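Visitor: Sequence unavailable; structure follows:
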């Protein structure tokens, strides 16, 4: 059973460029989450999918950010017109909502993250 | 709104000793889950242990145990027999039933295990 994978692991870009990150969840996990982590902080929630439906978006997710999960498997997170403030670690996690009977108890398993540096 | 507070920015422990990492939480929802994650310098968040608000007993997973005091709203992580490989950032996190998606994280505690 492979874990959550993310690609690329590191990305350096110039301000104003667009970037796209990919996340492959644990197979058969129906929930997928994106978080952002800046230096010295815990991860902050960005958005969440159940299968292919994007069910929640944080206010942190500005109009320049878009996420997709077209077939309910892998997901992409795109940042348009990057800014220096977008520099962070972007973490993806997945969970199996059917594993427990309660909506808040399924464990989220994280990938290694994509570290974005905007110059 | 939910909030997690970790008041220890850094902790030191000698190898083979036990250490307690503090976590307090705030929520008005009676149904919630508490999680601890370990983040080594490589960056990946590794799930350690889970405690549900209705669980009667404290959770244990190998060398990890969770000291859950519901009235005090605390969920401290106890690591027994510390190993050098335990050196990492440790994050406490919470999910409540009304927000089935997101985890709310604390700011973390950096643990350093010494010889």
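Guide: On my side now, so go ahead. Quantities reported herein were computed from a predicted structural model and do not represent experimental measurements. Residues are numbered from 1 along each chain as shown, chains lettered A, B, ... in the order given.
Visitor: now do the same end-to-end measure for stretch B:71-83.
Guide: 32 Å (CA to CA, to the nearest Å).
Visitor: if I look at the closest residue to residue B:110 other than its chain neighbours, how far off is residue B:111?
Guide: Nearest residue to residue B:110, sequence neighbours excluded (CB to CB, 6 or more residues apart in numbering or on different chains): residue B:10, at 4.6 Å. Where C-beta positions appear, they are placed from N, C-alpha and C, glycine not excepted. Look at residue B:10 and residue B:111: by CB to CB, to the nearest Å, they are 8 Å apart.
Visitor: For chain B, what lies in contact range of chain A?
Guide: Counting by CB under 8 Å from any CB of the partner chain, chain B comes close to chain A at B:4, B:31-33, B:35, B:37, B:42-47, B:50, B:52, B:91, B:93, B:95-97, B:99-108.
Visitor: Quick check: the gap between the residue nearest to residue B:110 and residue B:88.
Guide: 12 Å.
Visitor: isn't residue A:89 right next to residue A:41, touching?
Guide: No. In this structure, residue A:89 is not within contact of residue A:41 by CB atoms under 8 Å, at 9.9 Å.
Visitor: higher neighbour count, the two?
Guide: residue A:89 (20 against 15; other CB atoms under 10 Å in any protein chain shown).
Visitor: For the more buried one, pull up the helix or strand it's in.
Guide: strand A:88-95 (DSSP states H and E).
Visitor: That strand pairs with which strands, parallel or anti?
Guide: Strand A:88-95 has these partner strands in its sheet, going by DSSP bridges: strand A:31-37 (antiparallel), strand A:109-110 (antiparallel), strand A:114-118 (antiparallel).
Visitor: got TSV for these, with mean pLDDT and mean neighbour count too?
Guide: Shown next, in TSV, are those (pLDDT from 0 to 100; neighbours: other CB atoms under 10 Å in any protein chain shown):
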stretch	mean pLDDT	mean neighbour count
strand A:31-37	95	24
strand A:109-110	95	22
strand A:114-118	97	18
